[in-house]
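Asks: No sequence on hand, only this structure:
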């Protein structure tokens, strides 16, 4: 199986899991999820810092990230599933989110997760428009677009 095929398969599978969870009446989404997982928004000179508290025992499916940015696990222990496999992470920890990343996270303990985004936007909603893709067809992270760009460079 090629790397491209693995990436497409993961994206298809995580999308199906996300859709199935959203259809489950016991799953938390939208404002319920935001209330249970409070987010603190901070703006500094060309930076947006997003801090989320996630209680133990949750399965969370993240949004699709369009831009590379750092993340920090400040508290807790979590399992993270990405197209690279499963990683068990314990605070303190930091990593880099790559464009096209969508994760399934399991919180073993209460967790605090922070992301930092370079931006000149002034509200969380504007930042989200800039850094989050609505789906994997977004040209910034589309496998086909990325593959085309790589082919053109050769």
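Replies: It's in. Not measured: the values here are computed from a predicted model.
Asks: What ranges does the chain have for its helices?
Replies: 3-23, 30-36, 124-131, 143-153 (DSSP state H).
Asks: Residue 48 is nearest to which of these?
Replies: Closest to residue 48 of the helices of the chain is helix 124-131 (C-beta to C-beta; 4.7 Å). Every residue, glycine included, has its C-beta placed from N, CA and C.
Asks: what distance separates the closest one from the centre of its chain?
Replies: 13 Å (C-alpha atoms, centre = their mean, to the nearest Å).
Asks: I'd like to know how many residues surround residue 12.
Replies: 11 (other C-beta atoms under 10 Å).
Asks: sorry, back to before: now the helices of the chain in a markdown table, with distance to residue 70?
Replies: As requested, the helices of the chain are exported to a markdown table (distance: least, C-beta to C-beta, whole Å):
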| stretch | distance to residue 70 |
| --- | --- |
| helix 3-23 | 22 |
| helix 30-36 | 23 |
| helix 124-131 | 13 |
| helix 143-153 | 22 |
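Asks: what's the least confident stretch among the ones you listed?
Replies: Here the lowest mean pLDDT among the helices of the chain goes to helix 143-153, at a mean of 56.
Asks: and the residue nearest to residue 113 when sequence neighbours are not counted, what does it touch?
Replies: Distances taken as C-beta to C-beta, 6 or more residues apart in numbering put residue 52 closest to residue 113, at 5.1 Å, once the chain neighbours are dropped. By C-beta atoms under 8 Å, 6 or more residues apart in numbering, the contact list for residue 52 reads 37, 38, 39, 40, 112, 113, 114.
Asks: how much space between the first one and residue 9?
Replies: From residue 37 across to residue 9, the span is 29 Å (C-beta to C-beta, to the nearest Å).
Asks: Ok, the third one next?
Replies: When C-beta to C-beta is the yardstick, residue 39 and residue 9 sit 31 Å from each other.
Asks: again with the fourth one
Replies: When C-beta to C-beta is applied, the distance between residue 40 and residue 9 equals 36 Å.
Asks: I'd like to know how far the residue lying closest to residue 74 once chain neighbours are set aside sits from residue 61.
Replies: Spatial nearest neighbour of residue 74, chain neighbours left out: residue 112 (4.3 Å); criterion: C-beta to C-beta, 6+ apart. Remark: distance between residue 112 and residue 61 (C-beta to C-beta) = 19 Å.
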